[in-house]
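Asks: here is a sequence with its predicted model. Questions after.
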Amino acid sequence: MHPMQQRAGSRPTELDPFDRTLAHALSIDGRAPFSRLAEVLEVSDQTVVRRYHRLRGNGLLRVVGLPVGSRVGLFESWLRVQCAPDAAVAVAEALARRPDIAWVSLNSGGTEIHCMTRARTREDRDALLLEKLPRTRRVTAISAHTVLRKYIGGPGVWAGLQGLRPDQVAALRPPGPAPEYQGARYALDEAELALLGVLRQDGRAGYPELARASGLSESTARRRLERLRERGAIYFDVEIIPEHLGFETDTSLLLTVPPARLAEVGAALGSHPEVPFAAAITGAANLLAVVLCRDTDALYTYLTERIGAVPGVGQVEVIPNLRTIKRAGMLVEDGRLVDPPPAP
């Protein structure tokens, strides 16, 4: 079996109610101490530690620390790459090995690849779009869409993760960016880039590990991380493969919305528990959403009753996701989240 293929006939492991509650808590503050999580969840420290390490060790859950692209100047684009049928898997796996690509999936009839790029510079982005991909054998077409604004899929908590009471959510919610830094750009230095290199693999990495990676002292590494959070340059999220939450249908929607209604429609979709990601993008279809449903019948209900009830939605293109190869910078192998190989 190819290492990136899932075992045929295997049934995903669904998270139990406490797993989901713990995942919800970590989505609010991914670096909350285990003792604080235990206090809020009203269980023992040992219960939280044991359950977290089991989930992470089995590749069922991963806390990740990610830069806020709009704050640190990343060039984020969503790509649709058309390939010859016999080349799509190989091209998708090659894209998944690139550190500047965070998400990769095989879509439609298996000849289309979707991926999200996060380039540090305009030159890096253009090199991928104008040189690397066009020269890739068996790639037949490329469509690039700049991400203009995210409505969900960044620092906000996905409404599909539930389990905590409102008072528990309030007890865990960390302070937001300081008011004086709202909307301000932040330039990452090399030490901070090194910190992020560790945190995107393990958002709960300890300060000794962060210090070793960045060349800073532990106290300085702690202060740098606190500064990144205070400036709104980084956020912590929980990554879970949808099947482990019971979602068997993973679909991308491309919606056409009048510009005057775009913010309203985007905010509406971002509040739906079925939608973990929604963003305004460039192109004739100007709103991209990822939709997770229990099955195709639930997807039909979502399209007809939820999307159909949102004023301002024009055309809708529904694109099935056949296989996810990379999520939030991690590879998906046999239904588990694993670290990618070191960048060349």
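Replies: Sure, I can see it.

Asks: so where do the helices sit in this structure?
Replies: Using DSSP state H, the helices of the chain run over 17-28, 34-41, 45-57, 69-72, 88-96, 122-126, 166-172, 190-199, 207-214, 218-230, 262-270, 296-301.

Asks: contacts only, for residue 264.
Replies: Taking CB atoms under 8 Å, 6 or more residues apart in numbering as the criterion, residue 264 is in contact with 311-312. C-betas here are computed from N, CA, C, even on glycine.

Asks: how near is it to residue 308?
Replies: In this view, residue 264 and residue 308 are 16 Å apart by CB to CB, to the nearest Å.

Asks: which among the helices of the chain is found nearest to residue 149?
Replies: helix 262-270 (7.0 Å; CB to CB).

Asks: report the mean confidence score over that closest one.
Replies: Average pLDDT, helix 262-270: 97.

Asks: residues of that helix that come out buried?
Replies: Residues of helix 262-270 classed as buried by neighbour count (16 or more other CB atoms under 10 Å): 262, 265-266, 268-270.

Asks: tell me which helix or strand in this protein has the weakest average pLDDT.
Replies: helix 122-126 (a mean of 89; mean pLDDT, DSSP states H and E).

Asks: name the residues of that one that are buried.
Replies: Using 16+ other CB under 10 Å as the test for burial, helix 122-126 gives residue 125.

Asks: would you mind pulling up the elements that that helix packs against?
Replies: With contacts defined as 3 or more CB pairs under 8 Å, 6 or more residues apart in numbering; DSSP states H and E, the packing partners of helix 122-126 are strand 75-83.

Asks: partners of the strand it packs on in the sheet?
Replies: strand 112-119 (antiparallel), strand 139-152 (antiparallel) (DSSP bridges).

Asks: list of residues touching the last one?
Replies: Going back to what we said before, that points to strand 139-152. 69-70, 75-84, 87, 91, 116, 129, 133-134, 158-159, 263, 266-267, 269-271, 275-283, 288.

Asks: at 6 Å instead, please
Replies: Strand 139-152 has contacts (CB atoms under 6 Å, 6 or more residues apart in numbering) with 76-83, 129, 133, 266-267, 270, 278-283.

Asks: hmm, which of these are the buried ones?
Replies: Among the contacts of strand 139-152, those buried by neighbour count (16+ other CB under 10 Å) are 76-83, 129, 133, 266, 270, 278-281.

Asks: which of the residues you listed sits closest to residue 30?
Replies: residue 270 (19.8 Å).

Asks: is the closest one in contact with residue 279, as I believe?
Replies: No - contact criterion CB atoms under 6 Å: residue 270 and residue 279 do not qualify, at 9.0 Å.

Asks: pLDDT weak spots in the protein?
Replies: For the chain, applying pLDDT under 70 flags the ranges 1-12, 342-344.

Asks: now with 80, please.
Replies: Confidence mapping of the chain against pLDDT under 80 gives the ranges 1-13, 183, 341-344.
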